[in-house]
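> The amino acid sequence is not available; the structure is as follows:
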């Protein structure tokens, strides 16, 4: 247990609940605990990660305790680890965004495979308001939204609404606040009804082709499709035995 972070297992889902005051700021210990839990669940029969929060906001940042260049590098490395852990785990990650998300919080939303947000929430990057260049944010944001949009977001600090976030690809779906939990439940149920092997292979292939050009992606697809067909046949034979 880590203060501010509740980690539970519900069937095949690792449920992570952020509960740390009015702003739900992540501490360094919370970041490490989240990454360790996701890494561990990936080899423990889990299929999904559900990240949610209690209170009026989802997460509007993180603690900034570092003072020296070395400590600042360590903080940045932890942030990168969260992004990479959520993006590369074979588990499907779902963010349940009930309130505002800023900075580090938007990073979690963007790194999730599916993000369902409540109507009325806001998403923004406030680092520029403190005189900081959010290089970690830019490292992934520039590959997610058009350059001019990314530049405007990190240099203005202005929030966007969930519909705009959905249009840009930061959010999957937007629902009324009172329907948010049920909408995520329905997403998880739909995924749980699909082949576990196929869902895992889909996530792993998205990770595998990061940085590959279209030609090499197509070549990689041949091997993956063949292995997927073999796995699917074995599952069906086992089910009928």
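That came through, no problem. These numbers come from a predicted model, not from an experiment.
> Can you report how many residues lie near residue 75?
For residue 75, the neighbour count with other C-beta atoms under 10 Å is 18. In this view, the C-beta of every residue, glycine as well, is placed from N, C-alpha and C.
> so it is in which element?
helix 69-88 (DSSP states H and E).
> Give me the contacts around that helix.
Under the criterion C-beta atoms under 8 Å, 6 or more residues apart in numbering, residues 28, 31-32, 34-35, 38-39, 49, 62, 64-66, 93, 104, 107-108, 111-112, 135-136, 139-140, 207 lie in contact with helix 69-88.
> Helices along this protein, start to end?
28-41, 69-88, 104-111, 135-141, 147-156, 162-168, 180-192, 196-208, 214-240 (DSSP state H).
> Now do the nearest residue to residue 29 once chain neighbours are set aside, the pLDDT please.
Computed as C-beta to C-beta, 6 or more residues apart in numbering, the closest residue to residue 29 that is not its neighbour in sequence is residue 2, at 5.1 Å. At residue 2, the model reports a pLDDT of 92.
> for residue 2, which residues make a bridge with it?
Note on residue 2: beta-bridge partners by DSSP bridges are residue 5.
> mind giving me the domain split of this protein?
In terms of domains, the chain is parsed into 5-192, 196-240 (source: automatic domain parsing).
> for the ones you listed, which one ends up most surrounded?
domain 5-192 (a mean of 18; mean count of other C-beta atoms under 10 Å).
> Need the helices of the chain in CSV (columns: mean pLDDT and distance to residue 9).
What follows is the helices of the chain, written out as CSV (pLDDT from 0 to 100; distance: least, C-beta to C-beta, whole Å):
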stretch, mean pLDDT, distance to residue 9
helix 28-41, 95, 8
helix 69-88, 90, 17
helix 104-111, 96, 20
helix 135-141, 92, 28
helix 147-156, 96, 36
helix 162-168, 97, 29
helix 180-192, 97, 14
helix 196-208, 93, 16
helix 214-240, 82, 24
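> Could you check how far the nearest residue to residue 200 once chain neighbours are set aside is from residue 196?
Leaving aside its sequence neighbours, residue 200 sits nearest to residue 90 (C-beta to C-beta, 6+ apart; 5.0 Å). According to C-beta to C-beta, to the nearest Å, residue 90 and residue 196 sit 10 Å apart.
> Repeat that for residue 129.
For residue 129, the distance to residue 196 - C-beta to C-beta - is 44 Å.
> same deal with residue 108?
For residue 108, the distance to residue 196 - C-beta to C-beta - is 24 Å.
> again, but for residue 30
For residue 30, the distance to residue 196 - C-beta to C-beta - is 29 Å.
> do residue 112 as well
For residue 112, the distance to residue 196 equals 19 Å [C-beta to C-beta].
> Ok, residue 35 next?
23 Å.
> now residue 126
Where residue 196 is concerned, residue 126 sits at a distance of 39 Å (C-beta to C-beta).
> Of all residues in the chain, which one is nearest the centre?
Nearest to the mean C-alpha position of the chain, by C-alpha atoms, centre = their mean, lies residue 112 at 2.2 Å.
> Okay then, goodbye and thanks.
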